[in-house]
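Colleague: Task: produce atomic coordinates for the following.
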Amino acid sequence: MRTKLNLAASLIAGLLFGFSANAQKTVIKKEALPANAQTFLKTHFGSKKPSYVLEDKEILSTEYKVQFDNKLEIEFDKKGNWKEVDGKEAKIPASIIPKKIASYVKTNFSKEKITKIEIGTYGYETKLTNGLELKFNLKGDFTKIDK
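Modeller: Okay, the predicted model is just below:
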């Protein structure tokens, strides 16, 4: 029985290593991003040029990461939809933040700025300059504070 468990664990580890070994990060031009990502960058960052654009290809998925000189990073999914905007402790552009979330933060944390926003299956997660993490549902309604 023990050898079967060891064999199964070895197979799983081998498969996981194999999948991760096939991951490939490549520097690409901004123009090679999916159209949605290009539109997002043009809308919220105008003519600012990124310091780099990465395409991260794995067996089952592709993601893109764009970084600007101020260290602000944006992650996109394979279709070019933004997943995360991280200002690395600096304020992110207000135009990215859904109005309902921006209003909640302005009303309840008037001295704070949003430094990171992430969208997931169940909603948004934001990080404020004071370190608090706020969660919102997909409609932008506040759900909880997470620290």
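Colleague: Stretch 25-42: how far from the chain's middle?
Modeller: For stretch 25-42, the separation from the chain centroid amounts to 14 Å (computed by Cα atoms, centre = their mean, to the nearest Å).
Colleague: And stretch 99-109, by the same measure?
Modeller: 21 Å.
Colleague: give me the number of residues near residue 61?
Modeller: 10 (other Cβ atoms under 10 Å). To be clear about C-beta, it is placed using only N, CA and C from the backbone, and glycine gets the same treatment.
Colleague: measure it to residue 91 for me?
Modeller: 30 Å (Cβ to Cβ, to the nearest Å).
Colleague: Check residue 38 too.
Modeller: Taking Cβ to Cβ, one finds residue 38 at 23 Å from residue 91.
Colleague: OK, contacts around the residue lying closest to residue 120 once chain neighbours are set aside?
Modeller: Once flanking residues are discounted, residue 120 sits nearest to residue 83: 7.9 Å by Cβ to Cβ, 6 or more residues apart in numbering. Contacts for residue 83 (Cβ atoms under 8 Å, 6 or more residues apart in numbering) come out as 63, 75-77, 118-120.
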